[in-house]
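*Asks:* just to be clear, the model below is a prediction. Sequence and coordinates:
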Amino acid sequence: MSLYGGTACRRKSFWCYRLLSTYITKTRYLFELKEDDDACKKAQQTGAFYLFHNLAPLLQKSEHQYLLPQYSLVELEKLLGKLGQDTQRVEDSVLIGGSEQHEAWFALDLGLNNSSSTSASLQKPEVEAELKGSFTEFREALFRLNAKDASLLSTAQALLRWHDTHQFCSRSGQPTKKNVAGSKRVCPSNKIIYYPQMAPVVITLVSDGTRCLLVRQSSFPKGMYSALAGFCDIGESLEEAVRREVAEEVGLEVERLQYSASQHWPFPNSSLMIACHAAVSPGQTEIQVNSRELEAAAWFSHDEVVMALKRSNPYTKQQNGTFPFWLPPKLAIAHQLIKEWVEKPTYPSLPA
């Protein structure tokens, strides 16, 4: 009898934990919205909407900070009506998250048109004037906001971009139809389901024990260096991708590597950044730069990297007309990799 009682007690505690976990209840709620169109439509009634125009988010400036405004469905429909738009345009919105109180969050682009849209895209100036804000270039907006809002923006922009570029079935050529949440698209003619995807990218900070290797691409801002990064090839493991990228781009062979963390990154078209530390032999450190991939690559000492992390205004030219050596901002996972190395230069410990 006591055995069954103990089991029941443990089960009760388990379910109490499940009921009290706001993360689990929120996750299950968002899953329901993705799977049930009616539930998602209902959530829109009390949800919050973030606005974009051609993938540029709407920001409002308040004193010395930028804010990411949100609008209720009533406010959004009122805006659309005032600008001569059909309120059915709300159907183009995508679910991007929600609060612990089950307020669903959506994103809507007023500048993009899907294949089934009957309304013309809105002109940016008239929307900005009406909402007293500005549609800001995405990369600039990302670095003006706090980490929480930046993450939400990244999710929203990635989903909106994916829907804009996947409006037709690759098999039949027919227009695909998204579900209410925007978690998938379906081809009505053959029932093929398409899901939003991310491209896996390895980003690796290479060290020889006392120095770290940093590189530049021609697309980088002046003076900025970062960790090596490259897309995973089909059929590769994470370890194989790291070894190949380091060999391809700088002609070095990785001896050991260690996983650090991952991050969704909206550039160039939604990537999953998989961050690793890698070590090469101190006697095998001669760099052979692949000019097709990189503009420059160099070894930097611990002191040089510490100084670069402290720079508050890297965009200022030096007296000799050059830009100082600086590193990616805190929001980027490359910054985290470099900071970890500064705190522990001999980070990698696992064989590749």
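*Replies:* That came in fine, so what should we check first?
*Asks:* P200 is in contact with I274, isn't it?
*Replies:* Yes: P200 is within contact range of I274, at 6.2 Å (criterion: C-beta atoms under 8 Å). For every residue, glycine as well, the C-beta is placed using N, CA and C.
*Asks:* so what's S183 up against?
*Replies:* Going by C-beta atoms under 8 Å, 6 or more residues apart in numbering, S183 touches 34-35, 95, 195-196.
*Asks:* ditto for S121
*Replies:* 54, 110-113.
*Asks:* quick one: buried ones out of those residues?
*Replies:* Listed as buried from these are 110-113; burial here means 16 or more other C-beta atoms under 10 Å.
*Asks:* now the contacts of S183 in a markdown table, with neighbour count?
*Replies:* Converted to a markdown table, the contacts of S183 look like this (neighbours: other C-beta atoms under 10 Å):
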| residue | neighbour count |
| --- | --- |
| K34 | 16 |
| E35 | 13 |
| L95 | 24 |
| Y195 | 9 |
| P196 | 17 |
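*Asks:* those residues in helices, which ones?
*Replies:* Among those, the members falling in helices are 34-35 (criterion: DSSP state H).
*Asks:* for P200 and I274, list the residues in contact with both.
*Replies:* C232.
*Asks:* ok, these two, which is more surrounded?
*Replies:* Legend: neighbour count by other C-beta atoms under 10 Å for P200 and I274, higher for I274 (21 against 16).
*Asks:* quick check: beta-bridge partners of the more buried one?
*Replies:* Beta-bridge pairing of I274 under DSSP bridges involves V202, S262.
*Asks:* quick check: pLDDT value at it.
*Replies:* Note for I274: predicted pLDDT of 98.
*Asks:* so what's it up against?
*Replies:* I274 is in contact with 200-203, 232, 238, 259, 262, counting by C-beta under 8 Å, 6+ apart.
*Asks:* weed out the non-buried ones from those.
*Replies:* 200-203, 232.
*Asks:* quick check, nearest of the residues you listed to F143?
*Replies:* Comparing the buried ones among the contacts of I274 against F143 with C-beta to C-beta picks out I203 as the nearest, at 17.9 Å.
*Asks:* look up how far Q258 lies from the closest one.
*Replies:* Per C-beta to C-beta, to the nearest Å, I203 is found 13 Å from Q258.
*Asks:* what residues are shared contacts of those two?
*Replies:* Counting by C-beta under 8 Å, 6+ apart, the shared contacts of I203 and Q258 are C276.
*Asks:* just for the stretch 201-350 of the chain, where's the confidence low?
*Replies:* 312-321, 345-350 (pLDDT under 70).
*Asks:* about what we covered before: okay, the buried ones among the contacts of I274 in TSV with distance to E137 next?
*Replies:* TSV is the format used below for those (distance: C-beta to C-beta, whole Å):
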residue	distance to E137
P200	26
V201	22
V202	27
I203	23
C232	28
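*Asks:* from those residues, pick the one nearest I333.
*Replies:* Nearest to I333 among the buried ones among the contacts of I274, with distances taken as C-beta to C-beta, is I203, at 6.4 Å.
*Asks:* all helices of the stretch 101-250 of the chain, in order?
*Replies:* Remark: helices assigned in the stretch 101-250 of the chain by DSSP state H, counting those that start in this stretch are 124-131, 138-142, 147-165, 238-250.
*Asks:* and these: which comes nearest S219?
*Replies:* Of all these, helix 138-142 comes closest under C-beta to C-beta, at 11.4 Å.
*Asks:* how about the closest one: buried residues?
*Replies:* 138, 141-142.
*Asks:* alright, I will stop here.
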